[in-house]
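> Model the following, please.
(2 chains)
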Protein chains: 2
Amino acid sequence: MIDFTGTYTDQYQLAMAQVYFLKERHEQMTVFDYFFRKIPFNGGYAVFAGLEDLIGILENLHFNAADIAFLRQKGMDPAFLEYLADFRFTGNLYSSCEGDLVFPFRPVLSVEASIIQAQIIETLLLNILNFQTLVATKASRMRIAAKDKTLIDFGLRRAQGPGGYYASRAAVIGGFEATSNVRAGRDYDIPVSGTMAHSFIQSYDDELNAFRDFAKVWPDNCVLLVDTYDTLASGIPNAVIVGLEMKEQGRHLKGIRLDSGDLANLSKKARCILDDAGLHDVKIAASNQLDEYLIRKLQDEKAPIDLFGVGTSLVTGQPDAALDGVYKLAYADSAPRIKLSETMEKTTLPHRKQVFRLHTGTDLAGAEVVALADERKIGQMHHPFDSSKTMVIDKYEKEPLLHKVMENGRRMAPPKKVNEIARYCRKQLDKLPDAYKRLDNPGIYKIGISDRLKKERDRLINEHKIESMNTKLNKI
Amino acid sequence: MIDFTGTYTDQYQLAMAQVYFLKERHEQMTVFDYFFRKIPFNGGYAVFAGLEDLIGILENLHFNAADIAFLRQKGMDPAFLEYLADFRFTGNLYSSCEGDLVFPFRPVLSVEASIIQAQIIETLLLNILNFQTLVATKASRMRIAAKDKTLIDFGLRRAQGPGGYYASRAAVIGGFEATSNVRAGRDYDIPVSGTMAHSFIQSYDDELNAFRDFAKVWPDNCVLLVDTYDTLASGIPNAVIVGLEMKEQGRHLKGIRLDSGDLANLSKKARCILDDAGLHDVKIAASNQLDEYLIRKLQDEKAPIDLFGVGTSLVTGQPDAALDGVYKLAYADSAPRIKLSETMEKTTLPHRKQVFRLHTGTDLAGAEVVALADERKIGQMHHPFDSSKTMVIDKYEKEPLLHKVMENGRRMAPPKKVNEIARYCRKQLDKLPDAYKRLDNPGIYKIGISDRLKKERDRLINEHKIESMNTKLNKI
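Numbering: from 1, shown residues only, chains lettered A, B, ... in the order given. Reported below is the predicted structural model:
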């Protein structure tokens, strides 16, 4: 059993927290930004997911008796342990809407909390948001490839342990209709789906008897798996027999499922055989190592597949397997903070910030600007790393994207249901111009920074460079 | 909170289970084999992990009130729900030792249970074993690359949700010394490790003060992160100041950590600077997107790194992200069972089976033979898919690899601790000839099948082919 208590974190968060506490710096107010640097799957956008889970967990976060006992055994300071025993998250969260499309280098979410709280929640926050955003993004790509066909998540068996639970949720946010995962269905009110495995048919001496038994017990939800022995010679002919028997009884065979072989070819042949038998409304489902590219290929070949079952590549977000989301300090002790790097791309954006989406009415400009939180008039934006590139943006409407979703550790609105978030995602995706939705070589959505943010960042970079020079000189 | 109750499964398991129950076939005894077809990471072996977790979960598996209420709401049969409310796993498990090296196409574990029980546990079993075996295998590759250097898991923030909890366990089995994951440390008695993030230093106005505060609170476990502003100009010089101050106080700076840039070059320069200051025993830790190939490269370049921190690639098993483990029916209702496929590689091996490792004293032959469970005299083995290839094996000792670990749903021995399993893994790996341990193009460990198993398989294939032909003929 895995519950999200205080030890669901990295040891260094607690090591730092103890320093903050013993040095009486722990109540310092800070702002941390959650953002990522690379869109997964070489895509043009990512789908933000995991927020509602995160809020629910943060509202209840505490160190339980087992946590405290373990940390005591590890030699943590007794006064600090007393603090942890009373720990609650009482900060504020400013976040993009769950299901919205998000882009690199701009805050997806900002945490405003005491430094000790903000630090202790870091690992948990990254663990939840990185993974669900990865999977929702992958699901959304499959949704684009599958067009109006049905998509069902079959991934739990190949998922990374209980990560599969969150994968099923994120899949629906990204555009899947249902899941095989019963637990996710139970807890997130997601439609569950599933009929039979090869073992069911193998356990009978005869495929036809297996099909008949299943049809009797599940007359309204009968999808027959046809490739246990020989798809065309045995599976489909037997399915036709059962389909016709059901028809005679006023019932209806819902579908057949292909799980191996050349799915384009087999689905075309299956469609012909079913149609020839008058079973026009029997659907064809297909599964077997599918991903967005294979789905697109099947669609391009006009394979008459009505439903795609997707497992491994969806729930593990293959081949990336992780979103590179990070959580960086932007403000502490009444001052903006920066982390430098040899590469400008890894230098952080200091200060409390807001992100604005640029548009004209319903037409997206394909650009967002990151500004200081109190900025309102933003006439131009700069490329974040290439100072030669600027863009005049005064003509656009500017929609703020970070909304306060937690205040003093409590949620600001009732939890959103998964299907509501999925609808929101669909709406946002419909608005996004096609160029950004291409599976390969998508258009690049622009993220810029405001004049004032750029000046602040550059000022801090220079200050630290001078300091480093002095350290080096003093050392010599 | 995710607990492993009965709904931690795929819907189709329950759909099939209801058929078995209502048709009164649910008490049929079956054997299912767990095996995989492809070694992850193009490696020469996999490390089996997850067994102790699986046994613990199976001992307590049940459907709770929320599960039953949900399934009732979904229209499951009332008599079947009553059965589920009393469900317990009472089967037998025959398994490879956790931490042993395992190879494709041979049973890693076999479940002997009533068909309804064996089916209901399938998803759970695959979910746990596939993922931990993936990560333990990845960890073992890093262990090989890192030679005698220390390896620490930093992955929780990039892990696939709570999958990270199991990843940390599997990492230790594969050869990691410690984890940053406090929860895994608490529950699995794994050493936890961690010191500071960039944010700690950023939150101070001055890097040196940040280092000094940390050293005061953690004098015995002080590893300073040196790349927040400028590794060579600021981070290392400040670390040297603190290291010398600690030395004066009779303390000892444990290490510095490099987290960006050219780690080979920086570690060499850092070693020189530390040595010049007389800080010879200050260790150098390195992190930043490491995997087995980067670790090997750093070792080849003789980078003086003492400790590697590895995150994403370890805990997500990049780039594979999943082990393709499957669970196939081999025996039911007193008869062997087979699943056919267009490709011989996807045709299953029927019957109750045993796997024997071939060796001469302590010398492994690099081969195993899969035989019927009651076979003892096995003079030759056949390539499982290429009938032209055979190998005479009568001269080898044959060590049976599948051991009964659960009987009637109860474990046969007390749980093994993670470090005990890790030691066993290390021992097995030491025995394996180097050719199979190469990261690239490893030697191929042979898996063969016995005469009797081959005959049984081929007989069943022919039977089903004749049956399919008859189905087709009847249809015409």
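> So A:A322 is in contact with B:G317, correct?
No. Using C-beta atoms under 8 Å, A:A322 is not in contact with B:G317, being 10.3 Å away. Placement of C-beta: from N, CA and C, glycine included.
> quick one, which of these two is more surrounded?
Neighbours around A:A322 and B:G317, counted as other C-beta atoms under 10 Å in any protein chain shown, are more numerous at B:G317. The numbers are 29 against 23.
> The more buried one: what's it in contact with?
A:Q160, A:A321, B:P40, B:F41, B:F131, B:L134, B:V135, B:T137, B:K138, B:L323 (C-beta atoms under 8 Å, 6 or more residues apart in numbering or on different chains).
> Excluding chain neighbours, what is closest to it?
Nearest in space to B:G317, with sequence neighbours left out and distances taken as C-beta to C-beta, 6 or more residues apart in numbering or on different chains, is B:L134 at 4.1 Å.
> which SSE is A:I444 in?
Following DSSP states H and E, there is no helix or strand that holds A:I444.
> ah, wrong one, I meant A:A145
In the assignment (DSSP H and E), A:A145 maps to helix A:122-146.
> What lies in contact with the helix or strand just after that helix?
Proceeding N to C from helix A:122-146, the next assigned helix or strand is strand A:150-153, under DSSP H and E. With C-beta under 8 Å, 6+ apart as the test, strand A:150-153 has contacts from A:139, A:142-143, A:167-168, A:171-172, A:175-181, A:193, A:285, A:306-311, A:314-315.
> that's a helix at A:E456, yeah?
Yes. Under DSSP: H, G, I helix; E, B strand; the rest coil, A:E456 falls within a helix.
> That one: how many residues sit nearby?
The burial count for A:E456: 18, using other C-beta under 10 Å.
> Buried subset of the contacts of strand A:150-153, written for PyMOL?
Those of the contacts of strand A:150-153 that count as buried under 16 or more other C-beta atoms under 10 Å in any protein chain shown are selected in PyMOL with:
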select buried, chain A and resi 139+142+143+167+168+171+172+175+176+177+178+179+180+181+193+285+307+308+309+310+311+314+315
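> Next step: the contacts of strand A:150-153 restricted to strands.
A:A178, A:T179, A:A285, A:L307, A:F308, A:G309, A:V310 (DSSP state E).
> start to end distance for stretch A:308-325?
For stretch A:308-325, the first-to-last residue distance is 30 Å (C-alpha to C-alpha, to the nearest Å).
> Oops, could you answer that again for stretch A:201-219 instead?
Stretch A:201-219 stretches 17 Å from its first residue to its last (C-alpha to C-alpha).
> Now do the buried residues in it.
Neighbour-count burial for stretch A:201-219 flags A:201-204, A:207-208, A:210-218 (criterion: 16+ other C-beta under 10 Å).
> of all the residues you listed, which comes closest to A:T228?
A:I201 (4.3 Å; C-beta to C-beta).
> which ones are touching the closest residue to A:K38 other than its chain neighbours?
If the residues on either side of it in the chain are set aside, A:K38 comes closest to A:D324, at 5.4 Å by C-beta to C-beta, 6+ apart. Contacts for A:D324 (C-beta under 8 Å, 6+ apart) come out as A:F36, A:R37, A:K38, A:N130, B:R158, B:T312.
> just to revisit the earlier point, which one among the contacts of B:G317 gets closest to A:D230?
B:L323 (28.4 Å).
> wait, is that closest one part of a strand?
No. With three-state DSSP as the criterion, B:L323 is located in coil rather than a strand.
> Wait, it touches B:R37, no?
No. Shown here, B:L323 and B:R37 do not form a contact pair, counting by C-beta under 8 Å, at 9.6 Å.
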